[in-house]
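Peer 1: Based on what follows, work out the 3D shape:
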Amino acid sequence: MNDSPWEAEPVPAGAAYDRGAVLPDGPPFRAETPLQEPMPTPPPQPPQDAPPPPKKRAGRDLRAAIGVGVGLGAVIFASLLIVKAVFVGVIVVAVVVGLWELTSRLQERKGIKAPLVPLAVGGAAMVIAGYVRGAEGAWVAMALTALAVLVWRMTEPPEDYLKDVTAGVFAAFYVPFLATFVAMLLAADDGPQRVITFLVLTVVSDTGAYAVGWRFGKHKLAPRISPGKTREGLFGAVAFAMVAGALCMQFLIDDGTWWQGLVLGLVVAVSATLGDLGESMIKRDLGIKDMGTLLPGHGGIMDRLDSLLPTAPVVWLLLALFVGTG
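Peer 2: Alright, predicted model coming up:
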């Protein structure tokens, strides 16, 4: 039993306590409160047209990108058709500029001073040695370039020595050594056709990935590395590259067959995608969008070499297995 003085006494039911009745020892009490009229419902508003979904944009100046791409293609094909040595010079120029972009960004963003002079000289020697002496010459030049980086850095204070030379050796392997395989492709009897096959497959793979991913892409491939890449885009790269590979092996490469081109296209699509993701990792670590601004609509030279560099040794190896080194 609750003995609290704040407990309300029960009100007995009955006629005496109907509407208007007088409660004992109290004022008149109304048992019901007046009903409030409902608020009028506002008339329905006509539905407004929903804004159209934003259109997908490429993110770059496509006109500039296409113009620069056509110009680069013209230079490459012209040098291939004139004299092989001219194209070797094109590779050397691309390597030196790529090394300059990479080392500049490393110093600007991370304070890493990879020595450019021994890298540029060694990189040029690496490409020429690969063209003249093949894989053996490329490995010897790579070893000498790494040694030159170690010695050159000794002329400065010892602070951050290990960090600087490690970045230098990485740059020597990543840019000139991988590019040497393009020169080794060129050294074959049908070298220009092999280089054209390598370039066509890589470009077609990138184009297929872009076209299919832009139109149908929904599932992210590696969102933490490159949010724009999708699994659908990878399937597009594989399909486009396999078709291009079958055509190139059948009609451009001596003793090549279409089924070899299917295998080559599949592997190129994977290696080109991994190469693109690899440079995306580097640029994310550096906190930059592009490696440079030399090529309008494309970024820098390294932004165009990202998928080409790791694909070159893959194409060289598969062609050597399929039809020999020539």
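
Peer 1: pLDDT averaged over the longest strand along the chain, what's the number?
Peer 2: In the chain, taking DSSP state E as the definition, the longest strand is strand 226-230. For strand 226-230, the mean pLDDT works out to 91.

Peer 1: tell me what that strand is packed against?
Peer 2: In terms of contacts (3 or more Cβ pairs under 8 Å, 6 or more residues apart in numbering; DSSP states H and E), strand 226-230 is packed against helix 191-216, strand 220-222, helix 258-286. In this view, the C-beta of every residue, glycine as well, is placed from N, C-alpha and C.

Peer 1: strands paired with it, and their directions?
Peer 2: strand 220-222 (antiparallel) (DSSP bridges).

Peer 1: neighbouring contacts of the partner strand?
Peer 2: Under the contact criterion Cβ atoms under 8 Å, 6 or more residues apart in numbering, strand 220-222 has outside partners 227, 229-231, 233-234, 273, 277.

Peer 1: possible to save those as TSV with distance to L319 and neighbour count?
Peer 2: Formatted as TSV, these follow (distance: Cβ to Cβ, whole Å; neighbours: other Cβ atoms under 10 Å):
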residue	distance to L319	neighbour count
P227	34	11
K229	27	22
T230	30	22
R231	29	15
G233	26	25
L234	23	22
T273	20	25
L277	24	16
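
Peer 1: ok, so of the residues you listed, who is nearest D189?
Peer 2: Nearest to D189, judged by Cβ to Cβ, of the contacts of strand 220-222 is T273 at 30.9 Å.

Peer 1: The closest one and L247: what is the separation?
Peer 2: Going from T273 to L247 by Cβ to Cβ, to the nearest Å gives 21 Å.

Peer 1: got any ranges where this structure has weak pLDDT?
Peer 2: Where the chain drops to pLDDT under 70, the residues are 1-62, 64-65, 297-298.

Peer 1: Now do Y210: how many residues are near it, please.
Peer 2: Y210: 18 surrounding residues under other Cβ atoms under 10 Å.

Peer 1: I'd assumed G233 was in contact with it.
Peer 2: Yes: counting by Cβ atoms under 8 Å, Y210 does reach G233; the two are 6.9 Å apart.

Peer 1: F216 against R231, yeah?
Peer 2: No: with contacts counted by Cβ under 8 Å, F216 stays clear of R231, the gap being 10.0 Å.

Peer 1: gap between A183 and F87?
Peer 2: Distance from A183 to F87, by Cβ to Cβ: 8 Å.

Peer 1: Between the two, which has more neighbouring residues?
Peer 2: A183 (29 against 24).

Peer 1: Which residues are in contact with the more buried one?
Peer 2: Contact analysis of A183 by Cβ under 8 Å, 6+ apart lists 88, 91, 127-128, 130-131.

Peer 1: swap in R224?
Peer 2: Contacts of R224 by Cβ under 8 Å, 6+ apart: none found.

Peer 1: Repeat that for the one 5 residues further on.
Peer 2: Counting by Cβ under 8 Å, 6+ apart, K229 makes contact with 209, 213, 220-222, 273, 276-277.

Peer 1: Farthest-apart pair in the residues you listed, please.
Peer 2: Checking those with Cβ to Cβ, the most distant pair is K220 and D276, at 14.4 Å.

Peer 1: So which of those two has more stuff around it?
Peer 2: D276 (21 against 15).

Peer 1: residues near G89, how many?
Peer 2: Using other Cβ under 10 Å, G89 has 14 other residues around it.

Peer 1: Mind telling me what element it is part of?
Peer 2: Element membership of G89, judged by DSSP states H and E, is helix 84-110.

Peer 1: which residue ranges form the strands in the stretch 1-150 of the chain?
Peer 2: Counting by DSSP state E, counting those that start in this stretch, the stretch 1-150 of the chain has no strands to list.

Peer 1: For it, just list every one of the helices.
Peer 2: Ranges of helices in the stretch 1-150 of the chain, per DSSP state H, counting those that start in this stretch, are 62-82, 84-110, 116-153.

Peer 1: Turn those helices into TSV, columns for distance to P192.
Peer 2: Shown next, in TSV, are the helices of the stretch 1-150 of the chain (distance: least, Cβ to Cβ, whole Å):
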stretch	distance to P192
helix 62-82	4
helix 84-110	7
helix 116-153	13
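
Peer 1: wait, which of these is closest to L309?
Peer 2: Across these, closest to L309 is helix 84-110 (Cβ to Cβ), at 8.5 Å.

Peer 1: tilt between that closest one and helix 116-153?
Peer 2: Relative orientation of helix 84-110 versus helix 116-153 (axes from the mean of the first three to the mean of the last three Cα atoms, to 10 degrees): 60 degrees.

Peer 1: tell me which residues in stretch 86-94 are buried?
Peer 2: Buried residues in stretch 86-94, counting neighbours by 16 or more other Cβ atoms under 10 Å, are found at 87-88, 90-92, 94.

Peer 1: Repeat that for stretch 111-129.
Peer 2: Under the neighbour-count rule (16+ other Cβ under 10 Å), stretch 111-129 has 112-116, 118-120, 122-129 buried.

Peer 1: Pick the one among those closest to F198.
Peer 2: V127 (15.0 Å).
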